[in-house]
Every structure is written in structure tokens, then in C-alpha cells.
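Asker: The sequence and its predicted three-dimensional model are supplied below.
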Amino acid sequence: MRIDIITVLPELLESPLNHSIMKRAKERGFLEIHLHQLRDHAVNKYGQVDDTQYGGGAGMVLMCEPLSDCIEKLQAERTYDEIIYLTPDGKTFHQKMANTLSLKGNLMMICGHYKGIDQRIRDLYVTLEISIGDYVLSGGELAAAILVDSIGRLIPGVLNDETSALTDSHQDGLLAPPVYTRPAEFKGLKVPEVLLNGHFKMIEEWRQEEALKRTEERRPDLME
Ligand code: ADE
């Protein structure tokens, strides 16, 4: 999979996307991430990419020309399955969307800043608008990093058995059950007996029950 990210702050994305599983996904050739500095498409020599909004009001808006220039340059090189704009007024991101997007070939992501991007860019180019939750970030970069991480780890081949996504919270619509490792007793708290008996079927049943219990307690909305 190839992901192109348009941003005024590529530095914000470099570290989160260059460690752990994302690093491995890139090294193994499953994932290519390209960061594009929007200021390389500025409207003047001062690097301007934003302007005040029509109608008045606080906050700057990312202008049409730099965005359109950068998007069209990328589109001339390949076809994109989705052009995603990260915005608090988008569709709330969830695991099913991550699963769907992990099967795509080319994704483009646009990070907004200040008051966001000119509506005409959304009308002309954007195919999917995503929010990572009902709160406002200073820009779309951290949201893009979250999307890339959650999508990237699901690309077939990226995770091995040890880190398999199949048993993650939300993967089957439920929260994940509790997990334990050595020692078998810690500060008087014991690992549930069932996990020590080596009976695979009983362990699976216990995990399923615990997943249901946890989901009912913490996220009753998921049970509907
Ligand atoms: N940009 C600013 N806030 C955001 C959010 N909640 N989700 C996605 N992009 C954003």
C-alpha cells in the first residue's frame, strides 16, 4: 500500500510513522508513506498557503491553489482509491473502516490546519472525510498518524502470529478479554485457574465470556 500525506508539518508525522510495526511494515515492503510539504506549492515566495476567510471570522483557511496543485500532481502519477480529508466534522473512524482501508492500494490524506481547507477542495477532490473523535486537534497530522497506524498494521502480512489483529478489541465487535503473563501470582492476585489448565476449548469459552462481560460493562452501546 502507498499512502501520500499532504501537510504543512511533515515533522509531526515522521517520528510516529518510523517506529515499531510501522517501521517493520515499511522495511518489509508492505507500506510506503510519502510526506508532501504543502508549502512547496505556496502561492508566493513567502510560502503562503493560507488566507483569511470570506465573510469574516477568526482563523485562517488553507487555500485552493496549493492544495489543488499538490493533489493534481500526485493524481497525474497514480490513481487513488480514496482521497481522505482529516476533519472533526467527518465520519467517526472505527475498526471496520480501518479494515476496509487496509485492503486499498493507494490512499491520499490531507491534513487541515487552522480553520480547515477551502470547501471547494472538499467538493472537487475529497472522497472520504474522517474524524478520529469528537474533539478538535490543532491540525490533521496526529489524526493521520492514527489512521496510518491502525490501517498499516492490518495490511495482510504486516503482523505475524504473535501480534495478530484477530484478537484485538473491536475486531469482532467486542472489547478484548483480560490478558496475563508470568508470574502466576502477583501481590496476592492469581491468574485465573482456567488459563493454567492447558484446555484450549475451555480457555476460548472463558475469553469469549470475559469479552462479553467487559463489553456489557464498559461499552453497552456495542452490544446493540
Ligand atoms: N483535525 C482536527 N481535529 C480532528 C479530529 N478530531 N479528527 C480528524 N482530524 C482533525
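Answerer: Arrived safely. Numbers count the residues shown, from 1 in each chain.
Asker: Where does the record place the domain boundaries for the protein?
Answerer: 2-152, 169-223 (automatic domain parsing).
Asker: what pLDDT, on average, does the last one get?
Answerer: Think domain 169-223. Averaged over domain 169-223, pLDDT sits at 96.
Asker: Show me what residue 62 is bridged to.
Answerer: Taking DSSP bridges as the rule, residue 62 bridges to residue 50, residue 117.
Asker: can you pull the contacts of it?
Answerer: 8, 38, 49, 50, 112, 113, 114, 116, 117, 118, 121 (CB atoms under 8 Å, 6 or more residues apart in numbering). (C-beta placed from N, C-alpha, C; glycine too.)
Asker: 6 Å instead?
Answerer: 49, 50, 117 (CB atoms under 6 Å, 6 or more residues apart in numbering).
Asker: I'd like the C-alpha coordinates of the helix or strand hosting residue 107 written as CSV, please.
Answerer: Under the criterion of DSSP states H and E, residue 107 resides in strand 106-111. Provided in CSV are the C-alpha atoms of strand 106-111 (Å, rounded to 0.1, in the frame of the first residue of the first chain):
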residue,chain,number,x,y,z
ASN,A,106,-3.2,4.0,-2.9
LEU,A,107,-4.5,6.4,-0.3
MET,A,108,-4.0,10.2,-0.2
MET,A,109,-4.6,12.1,3.1
ILE,A,110,-4.9,15.8,3.5
CYS,A,111,-4.2,17.4,6.9
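Asker: Just checking: what are the partner strands of it?
Answerer: Using DSSP bridges, the strands paired with strand 106-111 are strand 2-7 (parallel), strand 82-92 (parallel).
Asker: looking at these, which is buried most?
Answerer: Highest mean neighbour count of these: strand 2-7, a mean of 22 (counted as mean count of other CB atoms under 10 Å).
Asker: does any part of it sit near the ligand?
Answerer: No: shown here: strand 2-7 not in contact with the ligand (CB under 6 Å from any ligand atom), separated by at least 11.6 Å.
Asker: Can you pull up the most central residue in this protein?
Answerer: Per CA atoms, centre = their mean, the C-alpha nearest to the average position across the chain is that of residue 147, at 0.9 Å.
Asker: In terms of helices and strands, where is that one?
Answerer: helix 141-152.
Asker: Report the distance from that helix to the chain centre.
Answerer: From the chain centre to the centre of helix 141-152 is a distance of 3 Å (CA atoms, centre = their mean, to the nearest Å).
Asker: and for it, what are the contacting residues?
Answerer: Applying CB under 6 Å, 6+ apart, the set of residues contacting helix 141-152 is 3, 5, 7, 9, 12-13, 16-17, 22, 25, 31, 86, 98, 101-102, 109, 111, 132.
Asker: same deal with stretch 180-196?
Answerer: Against stretch 180-196 from outside (CB under 6 Å, 6+ apart): 202, 206.
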